[in-house]
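Visitor: Quick one, what's the 3D model for this:
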Amino acid sequence: MRKPRPLTHDEQVAAEAAFRGHPLNPAWSAAARNVYEGISAAIVKRLAQDDMAPFAPQDQEREHEVVLVGEE
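Guide: The predicted structure follows:
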């Protein structure tokens, strides 16, 4: 397995911008744009998974009690 190389300055700036939700800077190098786009895509994927978490199958060992409004 190849050892990862350190990020260049503009790759670091692009990574920070992606994590902060700042826009892509067209002046960045192609490598920095790849870093930005990769992190941004991972964040979008994670947010989509988090939004769907309530609908994911639950652990079979858990018991869930459903209480309807007005019924106790």
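
Visitor: Show me the shaky parts of the chain.
Guide: 53, 55-72 (pLDDT under 70).

Visitor: So for it, the centremost residue is which one?
Guide: Ile43 (2.0 Å; CA atoms, centre = their mean).

Visitor: list the buried ones in the helix or strand where it lies?
Guide: Using DSSP states H and E, Ile43 maps to helix 30-52. Judged by neighbour count (16 or more other CB atoms under 10 Å), helix 30-52 contains these buried residues: 32-33, 35-36, 39-40. Placement of C-beta: from N, CA and C, glycine included.

Visitor: hang on, the earlier thing: test my guess that the residue nearest to the centre of the chain contacts Ala17.
Guide: No. Ile43 lies out of contact with Ala17 (CB atoms under 8 Å); the separation is 11.8 Å.

Visitor: For the residue nearest to Glu37 when sequence neighbours are not counted, give its distance to Pro6.
Guide: Excluding the flanking residues, the one nearest Glu37 by CB to CB, 6 or more residues apart in numbering is Leu24, at 7.6 Å. Applying CB to CB, to the nearest Å, the value for Leu24 to Pro6 is 22 Å.

Visitor: Counting neighbours, go ahead and name the busier of these two.
Guide: For Leu24 versus Pro6, neighbours defined as other CB atoms under 10 Å are more numerous around Leu24 (14 against 6).

Visitor: now that one: how far from Ala15?
Guide: Plainly put, Leu24 is 12 Å away from Ala15 if you go by CB to CB.

Visitor: Quick check: neighbours shared by these two?
Guide: Common neighbours of Leu24 and Ala15 (criterion: CB atoms under 8 Å, 6 or more residues apart in numbering): Tyr36.

Visitor: His9 and Ala30: what is the separation?
Guide: Counting by CB to CB, the gap from His9 to Ala30 is 15 Å.

Visitor: and Gly21, how many neighbours?
Guide: Counted with other CB under 10 Å, Gly21 comes out at 8.

Visitor: Now it, what are its backbone angles?
Guide: For Gly21, the backbone dihedrals (degrees, to the nearest 10) come out as phi 80, psi 20.
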